[in-house]
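Q: can you look at this prediction? I've put the sequence above it.
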Amino acid sequence: AQRVTQPEKLLSVFKGAPVELKCNYSYSGSPELFWYVQYSRQRLQLLLRHISRESIKGFTADLNKGETSFHLKKPFAQEEDSAMYYCALSSSYNTDKLIFGTGTRLQVFP
Amino acid sequence: NAGVTQTPKFQVLKTGQSMTLQCAQDMNHEYMSWYRQDPGMGLRLIHYSVGAGITDQGEVPNGYNVSRSTTEDFPLRLLSAAPSQTSVYFCASSPGTRSNTEAFFGQGTRLTVV
């Protein structure tokens, strides 16, 4: 079955602390992995995708095919990082459908 | 640039009523889709379209209909609203090319069925 699992509903850290939002997936084939973010009162937007291998707002994510994971990391959290984060996947050949995890709310305290 | 526009932003329906959630995009994207967001369940795909005249079911299609007569518009119809359809609905579009797979989302429609 195709599935994205985000085990943490809520992650609370203090400003300056490292952050890791966990994402595991189950997919038969070659998936494309994404992280989407929803800030308060804003629409859902793409944060990063694994094929780009980029760092956005200090966040990085590495696709580990052996562990089927795509964890999102940031070495030093900022208060403005507080948001809802969704891990998602699609087929690398057919990107019309996204399968989302249940989301993790990140709270960064001052 | 408006991007993806959903109307209305809020709606209250009585059980059994029908209505259409509107979604329009001005980016000439081929792919459009509808999701519902429920607490603790993330976003689940209702219906999607890979181009004008082509639609298909997602994970939770029951109780909803869609059509895609133009590239720009992808309305979602609730045939006979039920309390279980109380949710936040998101429309999304994407270019549909392997080099650009980013999905762009509307601001959402919060629907309450009483």
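A: Happy to help now that I have it.

Q: check residue B:1 and give its pLDDT.
A: Each residue has a pLDDT score; the one for residue B:1 is 64.

Q: my bad, should have said residue B:58
A: Model confidence at residue B:58 (pLDDT) stands at 92.

Q: what's the burial count for it?
A: By the measure other C-beta atoms under 10 Å in any protein chain shown, the count of residues near residue B:58 is 20. From N, CA and C alone the C-beta is placed, and that goes for glycine too.

Q: all strands for chain B, in order.
A: Assigned by DSSP state E, chain B shows strands spanning B:4-7, B:10-13, B:19-25, B:31-38, B:42-51, B:54-57, B:64-66, B:76-78, B:87-94, B:104-105, B:109-113.

Q: what is the third one packed up against?
A: Just to be clear, that refers to strand B:19-25. Packing contacts for strand B:19-25, counted by 3 or more C-beta pairs under 8 Å, 6 or more residues apart in numbering or on different chains; DSSP states H and E, involve strand B:4-7, strand B:10-13, strand B:31-38, strand B:76-78, strand B:87-94.

Q: and residue 79, what does it touch?
A: Since no chain was named, I'll use chain A. A:15, A:108-110 (C-beta atoms under 8 Å, 6 or more residues apart in numbering or on different chains).

Q: the chain in question should be chain B.
A: Here residue B:79 is in contact with B:18, B:63-65 (C-beta under 8 Å, 6+ apart).

Q: flag every residue of chain B that's near chain A.
A: B:4, B:31, B:33, B:35, B:40-45, B:48-50, B:58, B:90, B:92, B:94, B:96, B:98, B:101-108 (C-beta under 8 Å from any C-beta of the partner chain).

Q: quick check, central residue of chain B?
A: What sits nearest the mean C-alpha location of chain B, by C-alpha atoms, centre = their mean, is residue B:34, with 2.8 Å.

Q: gap between the closest residue to residue B:71 other than its chain neighbours and chain A?
A: Excluding the flanking residues, the one nearest residue B:71 by C-beta to C-beta, 6 or more residues apart in numbering or on different chains is residue B:52, at 5.2 Å. The spacing between residue B:52 and chain A, counted by C-beta to the nearest C-beta, to the nearest Å, is 14 Å.

Q: make sure residue B:52 is actually in contact with residue B:73.
A: No. Counting by C-beta atoms under 8 Å, residue B:52 does not reach residue B:73; the two are 9.2 Å apart.

Q: ok, back up a step: among the residues of chain B next to chain A, name the buried ones.
A: B:4, B:31, B:33, B:35, B:42-45, B:48-50, B:58, B:90, B:92, B:94, B:96, B:101-108 (16 or more other C-beta atoms under 10 Å in any protein chain shown).

Q: any weak-confidence spans in chain B?
A: Applying pLDDT under 70 to chain B flags the ranges B:1, B:97-100.

Q: got it, and chain A?
A: For chain A, counting by pLDDT under 70, the residues that fall below are A:92-95.

Q: how about the residues of it near chain B?
A: Within chain A, the positions near chain B by C-beta under 8 Å from any C-beta are A:4, A:6, A:9, A:32, A:34, A:36, A:43-46, A:49, A:86, A:88, A:90, A:92-93, A:95-103.

Q: run the last query once more with 7 Å
A: Contacts of chain A with chain B, taken as C-beta under 7 Å from any C-beta of the partner chain, map to A:32, A:43-46, A:49, A:86, A:90, A:95-98, A:100-103.
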